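sequence and predicted structure below; questions after.
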Amino acid sequence: MSTETEQFINTQEAAHGKIAFISAGSSLKSVLLLKGRQTSIPLCTNHGMGHCSGQAIVEQAGGSVLRADTGRPLIYNKENLLNPALLHAAKRSDVAAG
């Protein structure tokens with residue numbers, strides 16, 4: 001787990017209490033997010049298009065997937081395929097970078 005992810009988790013636990021972790025693929029986590037089983041998904045840096053289907057599902061349902069470092073949407077088909085850390089949220093207002 002990256003230092004940034006650990007810091008995010010610590011901040012969220014301080015504000016909301018103990019966090020439960022789910023071991024699953026990012027697309028399945030996105031569906032659980034929309035079903036109300038979780039409120040956000042911090043994703044570590046990953047490669048390529050590994051989570052784009054989950055992003056499509058979340059965004060079509062009114063949620064968002066944003067870069068953790070800038071709070072802006074992820075851009076695909078770029079020269080460097082390594083993605084930054086991301087935040088998924090069921091509602092756009094639930095995402096706050098940092």
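Looks like it came in fine. Numbers count the residues shown, from 1 in each chain.

contacts only, for Pro13.
That one is not Pro; residue 13 is Glu. Ile19 (Cβ atoms under 8 Å, 6 or more residues apart in numbering). Where C-beta positions appear, they are placed from N, C-alpha and C, glycine not excepted.

check the secondary structure at it for me.
Assigned with DSSP: H, G, I helix; E, B strand; the rest coil, Glu13 falls in the helix class.

how far away is it from Leu33?
18 Å (Cβ to Cβ, to the nearest Å).

do Tyr76 as well
In this view, Tyr76 and Leu33 are 20 Å apart by Cβ to Cβ.

quick one, strands of the chain?
Taking DSSP state E to define them, one finds strands in the chain at 40-43, 46-47, 64-67, 82-83, 86-89.

still on that earlier bit, who has more neighbours out of Tyr76 and Leu33?
Between Tyr76 and Leu33, Leu33 has the larger neighbour count (other Cβ atoms under 10 Å), namely 23 against 11.

right, and that one touches Ala89 too?
Yes - with contact defined as Cβ atoms under 8 Å, Leu33 and Ala89 form a contacting pair (7.5 Å).

where does the protein have low pLDDT?
The chain contains residues with pLDDT under 70 at 1, 26, 37-50, 91-98.

now the helices for it?
Using DSSP state H, the helices of the chain run over 3-16, 26-34, 52-60.

tabulate these in TSV, adding columns for distance to Leu81.
Listed next are those as TSV, based on distance: least, Cβ to Cβ, whole Å:
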stretch	distance to Leu81
helix 3-16	19
helix 26-34	16
helix 52-60	12
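
and these: which comes nearest Ala85?
For Ala85, the closest of the helices of the chain is helix 3-16, at 5.6 Å, according to Cβ to Cβ.

give me the distance from the closest one to the chain's centre.
Distance of helix 3-16 from the chain centroid (Cα atoms, centre = their mean, to the nearest Å) equals 13 Å.
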